[in-house]
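Trainee: A structural model of the following input is requested.
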Amino acid sequence: MTLDCPHVGILEARLIAALPDPCGITLTRKMITNHEQADAYGLRGSPTLLIDGVDPFAQPGQPTSLSCRIYRDAAGHAHGAPPIDALKAALQEAALGLHPAQM
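Mentor: Alright, predicted model coming up:
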């Protein structure tokens with residue numbers, strides 16, 4: 001996430017709602033302040049969620065960026081964070097080892 005990202009709270013609230021209770025998952029926040037860090041961590045806009053170092057919502061060829069990130073729901077509506085059902089699916093896929101390798 002970047003320092004001034006207005007959508008971090010939305011992502012955090014949705015992520016907490018998507019996690020089972022108890023979950024045994026450790027959440028780590030990382031502030032990204034420059035393009036070199038964005039490249040190193042694979043930040044494709046803020047906020048970006050990495051699960052085991054993988055961005056489950058990255059689009060092929062999507063460049064790294066310090067800009068605000070927009071996520072689309074199933075109906076195509078724009079949001080500042082992935083929908084809860086998409087977060088649940090990404091977490092389940094990661095738990096099953098189904099997420100793609102880090103690019």
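
Trainee: Pull out the buried residues from the helix or strand residue 39 falls within.
Mentor: Under the criterion DSSP states H and E, the helix or strand holding residue 39 is helix 35-41. Buried positions in helix 35-41, judged by neighbour count with 16 or more other C-beta atoms under 10 Å: residue 38. For every residue, glycine as well, the C-beta is placed using N, CA and C.

Trainee: Which strands or helices does it pack on?
Mentor: In terms of contact count using 3 or more C-beta pairs under 8 Å, 6 or more residues apart in numbering; DSSP states H and E, helix 35-41 is assigned the packing partners strand 65-68.

Trainee: neighbouring contacts of the strand it packs on?
Mentor: The contact list for strand 65-68, computed with C-beta atoms under 8 Å, 6 or more residues apart in numbering, reads 2, 5-7, 32, 34-35, 38, 43-46, 80.

Trainee: These, buried ones only, as a PyMOL selection?
Mentor: Applied in PyMOL, the following selects the buried portion of the contacts of strand 65-68 according to 16+ other C-beta under 10 Å:
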select buried, resi 2+5+7+32+38+43+44+45+46+80
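
Trainee: Return the closest of the contacts of strand 65-68 with respect to residue 93.
Mentor: For those, the residue nearest residue 93 by C-beta to C-beta is residue 44; the value is 18.1 Å.

Trainee: sec struct for the residue lying closest to that closest one once chain neighbours are set aside, please.
Mentor: Excluding the flanking residues, the one nearest residue 44 by C-beta to C-beta, 6 or more residues apart in numbering is residue 62, at 5.0 Å. Under DSSP: H, G, I helix; E, B strand; the rest coil, the three-state class of residue 62 is coil.

Trainee: The residue most central in space within the chain: what's it in contact with?
Mentor: Centroid-nearest residue in the chain: residue 49, 2.0 Å away (criterion: C-alpha atoms, centre = their mean). Taking C-beta under 8 Å, 6+ apart as the definition of contact, the neighbours of residue 49 are 11, 15, 55, 56, 57, 82, 87, 90.
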